[in-house]
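got a structure for you, letters missing:
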């Protein structure tokens, strides 16, 4: 009861009536102001801003018509190699000379193109249907390259024609020369089998590699040209590598997908 009487006395004669009441400290006001500004900026960005995403996919540099595997139409021993890797051949040009029981026969190019690999050597024995060379379908080695990316089927529908693509080239140091620039030229309508990929690229191992996770969709990428670089193509760096880039070089592509507004993610 003594404690209660003291409290009542305190209420009847309050002290420090001349001291102003402090509702908030300066630090609290600063925090409140910063919070309001941040929320305002976030709200403005949610309505007017955009977010871009990227889709990564493996691929290869090639020419638009792809390659084919040249096979021997006869059985015999190779006596002459009449072409060399990198050489451009016309249709019907001899590639190998093969000695058979009926005499020496020539293995000829089926269609014009550039020899990218020769499997058979002098002295080797070939049978009918043996792979002897890979020929890239191109009439002129200076024809522009394209990149073929193999996107998983579930993601292919999100890739728009004309989208920007950044290509990391296996033979080019990215930290020094940057990435190769391109744009999506076409998107395949149906997924491709391992056999279809092998037939287009002329390489069964590449077919198995690109189809390892299922049947992918082929995305053709047009490389942006530039007269100011040694390679003739545009790079994220000013000059790019001081050497040309070759067909059949492996790449990794990052496709820039359509930009979306953040508020669209929140609204049903």
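Received the coordinates, thanks. Keep in mind that what you see is a predicted model, and the values were worked out from it rather than measured.

Without its sequence neighbours, what residue ends up closest to residue 197?
Distances taken as Cβ to Cβ, 6 or more residues apart in numbering place residue 207 nearest to residue 197, at 4.1 Å, with adjacent residues excluded. Backbone N, C-alpha and C define where each C-beta goes, glycine included.

can you give me the strands in this protein?
Listed in chain order, the strands of the chain (DSSP state E) span 54-62, 67-71, 76-81, 88-89, 94-100, 103-108, 113-118, 125-126, 131-136, 146-152, 164-169, 180-187, 216-223, 250-256.

Quick check: which of these is buried the most?
Of the strands of the chain, the one with the most neighbours on average (mean count of other Cβ atoms under 10 Å) is strand 146-152, at a mean of 24.

Turn the strands of the chain into CSV, columns for mean pLDDT and distance to residue 243.
Shown next, in CSV, are the strands of the chain (pLDDT from 0 to 100; distance: least, Cβ to Cβ, whole Å):
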stretch, mean pLDDT, distance to residue 243
strand 54-62, 93, 14
strand 67-71, 92, 23
strand 76-81, 94, 27
strand 88-89, 90, 20
strand 94-100, 94, 28
strand 103-108, 93, 33
strand 113-118, 91, 18
strand 125-126, 93, 35
strand 131-136, 92, 19
strand 146-152, 95, 18
strand 164-169, 96, 11
strand 180-187, 95, 13
strand 216-223, 96, 16
strand 250-256, 95, 16
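
Save these as JSON lines, and put in distance to residue 238 too.
Conversion of the strands of the chain to JSON lines gives the following (distance: least, Cβ to Cβ, whole Å):
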{"stretch": "strand 54-62", "distance to residue 238": "21"}
{"stretch": "strand 67-71", "distance to residue 238": "33"}
{"stretch": "strand 76-81", "distance to residue 238": "42"}
{"stretch": "strand 88-89", "distance to residue 238": "32"}
{"stretch": "strand 94-100", "distance to residue 238": "42"}
{"stretch": "strand 103-108", "distance to residue 238": "45"}
{"stretch": "strand 113-118", "distance to residue 238": "30"}
{"stretch": "strand 125-126", "distance to residue 238": "49"}
{"stretch": "strand 131-136", "distance to residue 238": "30"}
{"stretch": "strand 146-152", "distance to residue 238": "21"}
{"stretch": "strand 164-169", "distance to residue 238": "16"}
{"stretch": "strand 180-187", "distance to residue 238": "12"}
{"stretch": "strand 216-223", "distance to residue 238": "17"}
{"stretch": "strand 250-256", "distance to residue 238": "20"}
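
Any idea what the closest residue in space to residue 167 that isn't next to it in sequence is bridged to?
In space, and not counting its chain neighbours, residue 167 is closest to residue 180: 4.0 Å by Cβ to Cβ, 6+ apart. With DSSP bridges as the criterion, residue 180 is bridged to residue 167, residue 235.

Report the contact partners of residue 180.
147, 166-169, 172, 223, 233-235, 240, 245, 251 (Cβ atoms under 8 Å, 6 or more residues apart in numbering).

go on, residue 237?
Here residue 237 is in contact with 176, 177, 178 (criterion: Cβ under 8 Å, 6+ apart).

these two touch, right, the second one and residue 238?
Spelled out, that is residue 177. No. Applying Cβ atoms under 8 Å as the test, residue 177 and residue 238 come out as separate, 9.7 Å apart.

Alright, calling it a day.
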